[in-house]
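Visitor: Quick one, structure for this:
(chains A and B)
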Amino acid sequence: MSTRDFVRSLPHGGSAAGLRLLQIHLDPLLLAVLFCVIGYGLVVLYSAVDRNMNLFSNQAMRMGLALVLMAAAAQIHPRVYLRWTPLAYAGGVAMLLLVLLMGVEVKGSRRWLDFPGLPRFQPSELMKLAVPMMVAWYFHDRPLPPSLKDLCVALVIIVIPAGCIVLQPDLGTGILVAGAGLAVVVLAGIQWRMIGYALLALAISAPWVWWYGLQDYQRLRILTLFDPQSDPLGAGWNIIQSTTAIGSGGLYGKGLFQGTQSHLDFLPESQTDFIIAVIGEELGLVGILALLALYLVLIGRGLYIATQAPHTFQRLLAGALTLTFFVYVFVNVGMVSGLLPVVGVPLPLVSYGGTSAITLLVSFGIIMAVRSHRGW
Amino acid sequence: MASKISLKDNVRERQIFFARALLLFFVALCLIAGLVFRLVQLQIWEHETYQTRSDDNRIQVQPLAPPRGLIFDRHGVLLAENRPISSLALVRERVPDLDALIQQLASLVSVTEEDIAGFEKRLERARRPFEPVALKLNLSEEEIARLAVHRHELPGVEITTELVRNYPFDGLFAHAVGSVRRVTEDDLQKLDEVQYSATRFVGKRGVERFYEQSLHGEVGYQRVEIDAHGRIRQVLDIHPPVAGQNISLQLDSRLQISATAALGQRRGAIVAIDPRSGGILAMVSNPTYNPNLFVTGIGDEEYRLLSSSRDTPMFNRAINGQYAPGSTFKPLVGLAALSMDAVSWEDHIEDKGWFQLPGQQRIYRDWSWRVGNSGGQGTVDLRRAIYRSSNVYFYDLATRMDIDDLSRFAQQFGLGQRTAVDIPDASSGLVPNRIWKQGAKGELWYPGDSLNMGIGQGDLLVTPLQLATMVTVIANRGHWVRPRMLLSSDRPLVEFDPPRAIPAVQGPTPEDWENMVDAMEDVVHRGNKGYRQNGTAWAHIGRGIAYRMAGKSGTAQVVEIRQGEEYDEEELDEYNRKHAWFIAFAPADEPLIAVSVLVENGGGGSSVAGPVAREVLDAFLLPQLANR
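Guide: Modelled structure (predicted):
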């Protein structure tokens, strides 16, 4: 595959900008807004962990590490990503298969790989980046809108890792990975009727998925969404408590550190997946809207960078990573506010935990790389 | 490769991508608008609903049980107190595997099948989430320590402490003071829902029941902030409960102990009354039960034994046991005849040991009657008829009175009715008359019925409390004091609504009263006079007595002895033998105590019940006399 030859023939290629080795490749706007989100998130987390300095500084250090990794990712030229994409994808799929075979089981699902000498990690996190990259890689030198055959290949690229992740089982990450891949497909210009067919097929297969594809607890979560009061102390507890937390916050909230739902332990997972309920309770509608506005700026900027990118791979990758970020936000806020079933998706850059923060900031690093490395 | 390159239209791709990106950004905006709509719904439109729900979550109004009032005897001895006990309780919501946890607990403390059954019953009742449910009551110190050591392995296990009733004398005052029981579902229908919201025990018998409202106190409450695990984080405000009233009873615990000892193992009852106030100094019913068992939970088997025993330990003989008074009724009959001018102290008859109604074959016997030896007391006037307890004399007297007049006269002494101020459970006994017999048996009143009533047998029924009341009235020469348990309280009690005074007995003259008291003194003190000349009780209790006692023995038939046959104690089943009665008061001229003693199936009144009465009076009077 003569990728490099092809790239060199592009009209915008050959700029000397990329060759300036000492230039630091970052996007100031993205960086500023990311700092805002992370700072805001740390303040909220400080309240959510009950002012526990240990947990707080853990998280602050993780965020620092993730920012360093982001900056590093931004320095790498997109063509390097292009070159390594197939390897990263293949390695990721291999590790997913390993997880299914010999992963470490935590709370009933196998998500972790634990090699001696290496920190434990979740290969599925890597796939949040590797899958959209692989689809973008596959489409980058093919005519767009994609042909039916290319579509099918793209679907296979998506379904193999997503399926492995759902089997772990980790429905939330599976949705995010599949969503990231599908975002590339949509951005690549798939025909509307194809999307129509896909939705139709989904609607027809839904009953089978319901009865055979889902685990009992997953069905229960979906049913709970429609009637949380049916089991207020069991499956409905999370939703009742999170909507109560958000609703009781009102317009301006109860004040930082004043949330009773979160500080009296009524709100489950208040430091991780349900942290937006802490914001809703303590800082009110104003507090959530402020965060959503920041997210919206990140999404708008990401998509703008994507449209300005000179090359298909860059465009598709930056667009897909931005949309994945949006899916994160939507699924998390939707589930905590009781619109979507409970799946394990953290609130991006705010929830306690390092893995997703690293993935997300690295993806923003890649978007910055797309912005900053104008040449090819 | 080359064809592919030629097919790539970068400009068109850029256009498509731009359109798609714009569209997707718009879709994202719409979806976020949907989220915002949802948030506005939660936080603005339905804010108050969720605000309330959040407060309901964290703020709990917890009722606080008032400490129950203490009960003392007349000398300040504690008869009923409150004691903290620790219970093992489980928070169901925090226990993932109930059976495993119970198994684990059973290895640390004894958990019986009954504990588990009771726990499951309590678990089914309505309760708040995370409310602890008791599994095992009354933990020992050792068990508490063992649970504390293993606490970290026992999620959802809590040790709760509450104040419960404790009766330091166990069974000694069970029938006098009564007892509390755990509040049941049935009780909750009748009790004030708010006042009893935190109360676990309610007075079920005796004083505990009658003064329930005052002893209970007033419920308090606290508003607390709790966390999701039901733990109290802070108390927001508190309205402390008002403790129940402490009350002192007329009971004299030393006398109660002596009376109980005097009765020993025998079934029976003793009621002692202070004739000056009507205060009940002692109330014994034997056998008794330990009321503490009902507080900390009694096993089914234990309860079955208690409630099915032939000796009926739960039955309060002193106020609910209804027996024929036998000869203890005779002083009353004599006073009745005197006040109706049916007889005078000088009138006398010849007692040959038996009595016949005119034109009837049936023989009515004296207690001294034997086959082949008619016995009899010889020439008998009223005084001799009392101290010799002549049946024949009273048969004759009964024929001289209208039965309804006698019945009315008897009621003046409190028979056939409840006269105690604060003993609502007491039975009222029965004083028969013509109308009663017609109604109850559909028969006319026969002259033979009058004869039986003349010697306190037949349908006449009295309780030991009633006989004690009757002898109190005699001791007071006809003047009434109503029997009562209450001596004093810190503040006036709501329950204590003094009932109207009962008028003095109408009919007998002061001389009649004094003569009757003299005759009853003879029952005890007339001795060394020779065959059939001594008081019936003298040989048993009349010697070496330091004060003047007036008394009267009585024997109540349990089964009828057929015409011509003798009463043979050995032949009869124990439970068919006669009941022994003795009533007494002392000192005769200035009475300080009146007592009635019943020994069930005891046999002779003078020989069995008399010594018991003497012991009770000695125990009460000798220390007082020594002090003078």
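Visitor: contacts for the strand or helix carrying B:Thr161?
Guide: If you go by DSSP states H and E, B:Thr161 is part of strand B:157-166. Contacting residues not belonging to strand B:157-166 are listed as B:65, B:67-68, B:80-91, B:95, B:101, B:105, B:132, B:134, B:139, B:144, B:147-148, B:151, B:179-180, B:200-201, B:291-292, B:295-296 [C-beta atoms under 8 Å, 6 or more residues apart in numbering or on different chains]. All C-beta spots, glycine's among them, are computed from the backbone N, C-alpha and C.
Visitor: Quick one: buried ones out of these?
Guide: Neighbour counting by 16 or more other C-beta atoms under 10 Å in any protein chain shown classes B:65, B:68, B:80, B:82, B:85-91, B:95, B:101, B:105, B:132, B:134, B:139, B:147, B:179-180, B:200-201, B:291-292, B:295 among these as buried.
Visitor: Sitting in helices, which of the residues you listed do you find?
Guide: B:101, B:105, B:147, B:292, B:295 (DSSP state H).
Visitor: List the residues that contact the second one.
Guide: Spelled out, it's B:Leu105. B:88, B:111, B:135-136, B:147, B:154, B:157.
Visitor: Please identify which of the ones in helices among the buried ones among the contacts of strand B:157-166 is nearest to chain A.
Guide: B:Leu101 (17.8 Å; C-beta to the nearest C-beta).
Visitor: Just list the residues touching the residue lying closest to the closest one once chain neighbours are set aside, thanks.
Guide: Closest residue in space to B:Leu101, ignoring its immediate chain neighbours: B:Val95 at 5.3 Å, by C-beta to C-beta, 6 or more residues apart in numbering or on different chains. The neighbourhood of B:Val95, defined by C-beta under 8 Å, 6+ apart, consists of B:101, B:155-157.
Visitor: The residues you listed, buried ones only, as a ChimeraX selection?
Guide: Buried residues among the contacts of B:Val95 (16+ other C-beta under 10 Å), as a ChimeraX selection:
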select /B:101,156,157
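Visitor: per-residue pLDDT, residue 234?
Guide: With no chain named, the answer covers chain A. The score at A:Gly234 is 61. That number is its pLDDT.
Visitor: Let me rephrase: I mean chain B.
Guide: Note on B:Gln234: pLDDT of 82.
Visitor: A strand includes it, no?
Guide: Yes: under DSSP: H, G, I helix; E, B strand; the rest coil, B:Gln234 sits within a strand.
Visitor: Quick check: bridge partners of it?
Guide: Assessed by DSSP bridges, B:Gln234 has beta-bridge partners B:Glu225.
Visitor: circling back: could you tell me how far the residue nearest to B:Leu101 is located from chain A?
Guide: Distance of B:Val95 to chain A, computed by C-beta to the nearest C-beta, to the nearest Å: 13 Å.
Visitor: Please name the residues that touch B:Pro510.
Guide: Residues near B:Pro510 by C-beta under 8 Å, 6+ apart: B:Arg477.
Visitor: Can you report how many residues lie near B:Thr112?
Guide: Using other C-beta atoms under 10 Å in any protein chain shown, B:Thr112 is surrounded by 11 other residues.
Visitor: Oh, that last question was meant for B:Ser489, not what I typed.
Guide: Residues lying near B:Ser489 (other C-beta under 10 Å) number 17.
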